[in-house]
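Colleague: Using only what follows, build the 3D model:
(chains A, B, C and D)
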There are 2 protein chains.
Amino acid sequence: MSSKEQQVLEDFISQNNLKITRQRRVVLNAFLENEEHVSAEDLHRIVKEKESNIGLATVYRTLSLLTQSGLAVELDFGDGQKRYEHNYMHSHHDHMICTECGKIIEFNHPLIEKFQEEVARRNGFTITSHKLDMFGLCADCK
Amino acid sequence: MSSKEQQVLEDFISQNNLKITRQRRVVLNAFLENEEHVSAEDLHRIVKEKESNIGLATVYRTLSLLTQSGLAVELDFGDGQKRYEHNYMHSHHDHMICTECGKIIEFNHPLIEKFQEEVARRNGFTITSHKLDMFGLCADCK
DNA sequence: GTTAATGCAAATGGTTTGCAGGCAT
DNA sequence: ATGCCTGCAAACCATTTGCATTAAC
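Modeller: As a prediction, this is how the structure comes out:
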């Protein structure tokens, strides 16, 4: 399997004099094949089903590579562990997090973005990134 | 000194069969007198200038009390440590965080709030809380 | 063959907890 | 006197790092 994502990772790896290893392929594929917004431990659990002795440290190190190469984005919902979401050809969006079942709904509202820019400009502030998280109950949980 | 905030804390304390101690007063006052958005270590440093052997654990425990009693709000900007901001008679707002100097500008934009509600409704989602953080450079740092 | 990557275990750093003595009620 | 609170040190837990070995190049 040689997805576009695999190409992106391999390009990044060769541009930095790094090496393509079996473990990195396994972690990347597990990341791509599974649901968005996994934590490192989630991925480690998934990956160990195929390849029993991949270390947690390797998963962390690979996630860091995926983040640097632009394939993944680190999310922090303030619950003490980071999640990673897919980022390849995946445009900016914000999150609604169901505090009951953990479901994450992505959304984007162009006017919200526009007003953010406006508030920033009014304060002489230059935005480099932003995040909007809404916590509450999804339709299934209320 | 017997501010309204002190009253709020003491009410909370007596309603829960807890005790008013010298340390709790010192931490509360340091929290109130100092700039918003302190971390626990910040507060501990400040507090130790007045009262040299207050333990960090006490600061954490008191901050937890302040949060439960509604005087403080926990913030997590994803940099690995929590900050606490004043909450007494302090209405909802979001944050712009300067990644150069650490300055935090608070803002509120009613239309942003309104569109958040709209997006949530459209997805059958009920918001219980939300946060919007914008990272970038403040006017002084660009 | 050289150099980077791995797995493991130990280290880190912010936060929390257990405990014996101390203080508010 | 009772029982919450304190300071200290140890425990926690997600993440990172050091190191000897293994694998990519």
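Colleague: Tell me which residue is most central in chain A.
Modeller: A:Glu85 (2.1 Å; C-alpha atoms, centre = their mean).
Colleague: From DNA strand C, how far out is that one?
Modeller: Distance of A:Glu85 to DNA strand C, computed by C-beta to the nearest atom of the strand, to the nearest Å: 21 Å. Where you see a C-beta, it was placed from the backbone N, CA and C, and this is true even at glycine.
Colleague: Need the nearest residue in space to that residue, chain neighbours excluded.
Modeller: Once flanking residues are discounted, A:Glu85 sits nearest to A:Glu36: 4.8 Å by C-beta to C-beta, 6 or more residues apart in numbering or on different chains.
Colleague: wait, that neighbour sits on A:Asn87?
Modeller: No - applying C-beta atoms under 8 Å as the test, A:Glu36 and A:Asn87 come out as separate, 9.9 Å apart.
Colleague: more crowded one of those two?
Modeller: A:Asn87 (19 against 16; other C-beta atoms under 10 Å in any protein chain shown).
Colleague: Not counting sequence-adjacent ones, nearest residue to the more buried one?
Modeller: A:Val73 (4.6 Å).
Colleague: what about that neighbour, how many neighbours?
Modeller: Residues near A:Val73, counting by other C-beta under 10 Å: 18.
Colleague: measure it to B:Gln7 for me?
Modeller: As judged by C-beta to C-beta, to the nearest Å, A:Val73 and B:Gln7 stand 45 Å apart.
Colleague: got it, and A:Ser129?
Modeller: 40 Å.
Colleague: In contact with A:Glu36: list those residues for me.
Modeller: A:85-86, A:104 (C-beta atoms under 8 Å, 6 or more residues apart in numbering or on different chains).
Colleague: Just the ones in strands from these, please.
Modeller: Secondary structure defined by DSSP state E assigns A:85-86, A:104 of the contacts of A:Glu36 to strands.
Colleague: Can you give me every residue that contacts A:Glu85?
Modeller: A:36-37, A:72-73, A:75.
Colleague: let me redo that: A:Glu106
Modeller: Contacts of A:Glu106 (C-beta under 8 Å, 6+ apart): A:93-96.
Colleague: Same check on A:Cys141?
Modeller: Applying C-beta under 8 Å, 6+ apart to A:Cys141 gives the contacts A:98, A:100-101, A:103.
Colleague: Mind picking the two most distant members of these?
Modeller: Maximum pairwise distance in those, criterion C-beta to C-beta, is 8.4 Å, between A:Glu100 and A:Lys103.
Colleague: Find the residues that touch each one of the two.
Modeller: In contact with both A:Glu100 and A:Lys103: A:138, A:141, using C-beta under 8 Å, 6+ apart.
Colleague: Determine which member of those two has the greater number of neighbouring residues.
Modeller: Taking neighbours as other C-beta under 10 Å, A:Glu100 and A:Lys103 compare with A:Lys103 leading, 16 against 12.
Colleague: Pull the number of nearby residues for the closest residue to the more buried one other than its chain neighbours.
Modeller: Among residues not flanking A:Lys103 along the chain, A:Cys138 sits closest, at 5.1 Å (C-beta to C-beta, 6+ apart). The tally of other residues near A:Cys138 (other C-beta under 10 Å) stands at 21.
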